[in-house]
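Colleague: What follows is a predicted protein model with its sequence.
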Amino acid sequence: MTSVMARRPEPDRLAYWQAVDSGRLLLMAAAAMLVTASFASTAVILNSRSKPVIDWHTALAFGGLVAFGELLRLALPGGREAAPIAMVGAMSYALLLLPVLGGPARPQLPAVLVVAVCAVGMMVGAMPHIAAGRPAGVTGMCTRLVAVAGVAFIFRSVLSGFVLTKPWQLQAAVMAVLIFFGWLIDTVVAALIRADDVGARFAVALVDEIRLQWQLGLAVGASVIITVFSVKAMGLPVLIAFIGPLLVTQVAFRRYAGIRATYLQTVRSLARVTEVAGYVEAGHSRRVSRLAVAIGRGLGMAEPELLALEYGALMHDIGQLSLRDPIPGGATVLVSPADQERIAELGADVIGQAGVLDEVAQLVRCQAWPARGHDPAPPLGSKIIRAANAFDDMVGSSTDRDRSIAAIDRMRLDPVRYDVDVVTVLSEVASRRVASRL
Amino acid sequence: MTSGQLGVSRQLAGTQRAARITPAAWVYIGLVVVAAAVLVARTPVLGRTHAGNPWRDLVVLQTLFLICDSAGGPLTFRQTRWSPSWAATLAAVVLLGPAAAAFVGAMSLLSVRREPRLGERLFNGAMHALSGLAAGSAYLAINHSVGVPHYHYISRTLLAFAAAAVVHVAANHGMIWVINRLNGASALARADAGESSLVLLLASDLGYASLGLVIASLWMIMDWFAAVIVLVPLFVARWAIAQFAEEQRAYTATMNALCQAVETKDYYTRGHGDRVSRGSIMIARKIGMSSARTEAIRFAGMLHDVGKLGVPTQVLQKTGPLTEDEFAAIQLHPMRGLEIVREIGFLFEALNGIMHHHERIDGRGYPMGLAGHEIPEFARVIAVADAFDSMTSTRSYREAKSIDQGVAELRRGAGTQFDPVIVEAFIAAVAQQGWELPGPTTAPSDLAMVTVQDHDDPTAPLQVVIP
């Protein structure tokens, strides 16, 4: 997803933004405390006089699986990152039914040990990323660690003794509930961070997160149950057999995310043909799309809608390619309404050719319709594109505050053409943009 | 398509071509079916198992196989294949023995697929039965017993299972290879599953295979529910693959639409990008490019002229000789193209292909004046397809040339303008698969724009005023 243009807040809203920004800090602090506490208590347990029996082979196997999973992180659509294999390793370790075949007969696995082993595994797995100059993905790791810790503390300290003698159906059901709980922690924290990052509403971000993560969550959940029970049945060697299918699933997701990214890059690049051909000013489509996405987010649009909006905004001028001569300066805001509608119609035809972007074509078609008084009413996305386009035609890449205010005032005076709500959010986004360039 | 099966309907240059079954292949199918029937009949169905309820287990595994096999459908594409159905066969190998594995594999006969054809069904059923039988025998030979694996013999069981998986893969791919040979599967179909992807294919097959062992070990605790729970991650993987395929279709369609939009600027060059793309793919397959590179050259071919948009219309439409400045503007179009597509996550090679598609082997091309093998391979491929399509299309100043004339012109330019190896590969590919000429062109209406000189046309070089 496009990064929103302005992260830096307006001066008068600084306190609010600082408060939200500390969400990420809070998460990291919580994770750091968890790690410290778990290391410390593990050390205390190990040195206690009762000499607890720890199954180090198992710890090594699952810690290794976590490290392996962190190494093979998965990029999901929208710049998200997941580590399904690491999650399977960590959750399975948290929910392990003891003793493991071939290990000590009465081993102890306190929750703090689970957290400590997973933390070490994550750090080891993150090393190669850091060495290769990629982002370490600290936020993701912290989120996962908090989720695993939540599950581990409930299961290891309360439930593991209780379920051990029960039939497998009950054990599996308890695990399923706990895995769901862990997934929920993961998703809610991810949504909080994301809402903070891109400036979306939390409820919208949560729904987006759930929509994008539930399939992977389901696969991880089933895999955890499979892992726990097959390790119970066959001991640790069976982990080797289970890595294969996990990898295949991961490859499938990777390809899916990869093609989505390429798709977006392609549309972004090809939308620039109008600029290269001299129909519009350089950078116009990119600026309009960023502005449109920021407005859409401010109005609470969900991610699929935002994607269509972004495509529509990128390609909103593509109809000009059918014009014999470029419009002077490319500013469609200056041509007659009839011509604007014709250009929009031509553009929608081009996009409609693809047969898969009908929604986008519709957005482009309706962008020339007035916001009020047109029957049928144009979709919200079209109104946003219209306003963003007009704003950019008037302001361009300039960050001059007066120019931006003048443009918005002019649009405010024309509530028939420009939707009032859209212009309100536009002015917020624009003032944030100006602030960020000061 | 599940792990190596007949009934290959591969995507070839946009057209679905289904495999036809030749008489020799029918004989072979008959042999496989008879062999499967005889060998399975000689093996006791559940002779050596210790399972409590073996018949029910067999039915569960058969159902699992059928679900995976039917859900597989048409999802075969480069390197990633949905091929988990034979995990059920391998679970049967471990739990119930060779003959039961054969019966599980034989369920392929009943698979619910889009195009049920008797020959394919018979072959797939018999092939999977034989593969299951072979894998089961290998497992039994090493492990000496079947049934839920015991922890104490885990290393022996792992070894036996690995052997069974390898035997299954070998038997499966071997039989497929023979029938493809007998069917005279075109060189294209074989090139499509090129060497490089074969390794990945086998790896993904073995990845799914190990699931068989997981099912077998879960069986001890969860009984038949083991078969249900392993379906969950599998179906999520399938969902992701289906999404991938759908996105890819959407991507290609969008790309086509945008390229067409670019081409609306010029009446006569409509469809040029698409045809050059197809020509480049034909050459790429002929010279044995890997499937990933072939995919990249498809897009490079489609987008090679996108930079023409940066050339002012009056230059493109000018009737008289061009001034030096105007010629320079045309010579710049590959660079403009690069500028537009640079940010797409393409292979570096595709960008090279777009940038250098007007270089000449003798070094007199543009924009860089590279010569011989300094010119990237992609660019040499695109150059040939580009020139050929230009010559065999109608232009405002001449009629289209025939394919034979175009071939002759390519031969004439080989060694000076074109790479002779690529030219010969293209000519051979056209002789084999034909070449789709652009549709008949009616006179353009007044509104359409017309290129008066075609920079791609090697037979009519651009006229430049020499001051």
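Modeller: Received it, and whenever you're ready, just let me know what you need. Residues are numbered from 1 along each chain as shown, chains lettered A, B, ... in the order given.
Colleague: On the three-state scheme, the residue in the stretch 301-450 of chain B that chain A sits nearest to is what?
Modeller: Across the stretch 301-450 of chain B, the shortest distance to chain A (C-beta to the nearest C-beta) belongs to residue B:309, at 4.0 Å. In this view, the C-beta of every residue, glycine as well, is placed from N, C-alpha and C. For residue B:309, the assignment made with DSSP: H, G, I helix; E, B strand; the rest coil gives helix.
Colleague: Put the alpha carbons of the strand or helix carrying residue A:422 into CSV.
Modeller: Taking DSSP states H and E as the criterion, residue A:422 maps to helix A:420-437. This file holds the C-alpha atoms of helix A:420-437, laid out as CSV (Å, rounded to 0.1, in the frame of the first residue of the first chain):
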residue,chain,number,x,y,z
VAL,A,420,-18.2,18.6,0.9
ASP,A,421,-16.9,15.7,3.1
VAL,A,422,-14.2,14.9,0.6
VAL,A,423,-13.0,18.5,0.6
THR,A,424,-13.0,18.6,4.4
VAL,A,425,-10.7,15.6,4.6
LEU,A,426,-8.7,16.9,1.7
SER,A,427,-7.9,20.1,3.6
GLU,A,428,-6.8,18.1,6.6
VAL,A,429,-4.5,15.9,4.5
ALA,A,430,-3.2,18.9,2.6
SER,A,431,-2.4,20.9,5.8
ARG,A,432,-0.6,17.8,7.1
ARG,A,433,1.3,17.7,3.8
VAL,A,434,2.3,21.3,4.0
ALA,A,435,3.4,20.9,7.7
SER,A,436,5.6,17.9,6.7
ARG,A,437,7.5,20.0,4.2
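Colleague: Show me what that helix is packed up against.
Modeller: Other elements packing on helix A:420-437 under the criterion 3 or more C-beta pairs under 8 Å, 6 or more residues apart in numbering or on different chains; DSSP states H and E are helix A:284-298, helix A:380-395, helix A:401-412.
Colleague: Residue B:355 is nearest to which of the ones you listed?
Modeller: For residue B:355, the closest of these is helix A:284-298, at 22.5 Å, according to C-beta to C-beta.
Colleague: How is chain B partitioned into domains?
Modeller: Split into domains by automatic domain parsing, chain B comes to B:9-245, B:264-433.
Colleague: weakest of those by average pLDDT?
Modeller: Per-stretch mean pLDDT for the domains of chain B is lowest at domain B:9-245 (a mean of 76).
Colleague: Make sure the residue of the stretch 301-450 of chain B closest to chain A is actually in contact with residue A:270.
Modeller: No: Residue B:309 lies out of contact with residue A:270 (C-beta atoms under 8 Å); the separation is 10.2 Å.
Colleague: what touches both of the two?
Modeller: Common contacts of residue B:309 and residue A:270 (C-beta atoms under 8 Å, 6 or more residues apart in numbering or on different chains): residue B:340.
Colleague: what stretches of chain A score poorly on pLDDT?
Modeller: A:1-21, A:324-334, A:434-438 (pLDDT under 70).
Colleague: all strands for chain A, in order.
Modeller: Residue ranges of the strands in chain A, as given by DSSP state E, are A:74-76, A:80-82.
Colleague: Can you lay out these as TSV showing mean neighbour count and distance to chain B?
Modeller: Putting the strands of chain A into TSV (neighbours: other C-beta atoms under 10 Å in any protein chain shown; distance: least, C-beta to the nearest C-beta, whole Å) gives the following:
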stretch	mean neighbour count	distance to chain B
strand A:74-76	18	10
strand A:80-82	19	12
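Colleague: Among those, which comes closest to residue B:276?
Modeller: strand A:74-76 (32.4 Å).
Colleague: same for that closest one, what does it pack against?
Modeller: So strand A:74-76, by 3+ C-beta pairs under 8 Å, 6+ apart, packs with strand A:80-82, helix A:202-234, helix A:238-270.
Colleague: what sits against the most centrally placed residue in chain A?
Modeller: In chain A, the centroid-proximal residue (C-alpha atoms, centre = their mean) is residue A:80; its distance is 3.9 Å. Residues near residue A:80 by C-beta under 8 Å, 6+ apart: A:190, A:194, A:212.
Colleague: Could you give the bridge partners of it?
Modeller: Beta-bridge pairing of residue A:80 under DSSP bridges involves residue A:76.
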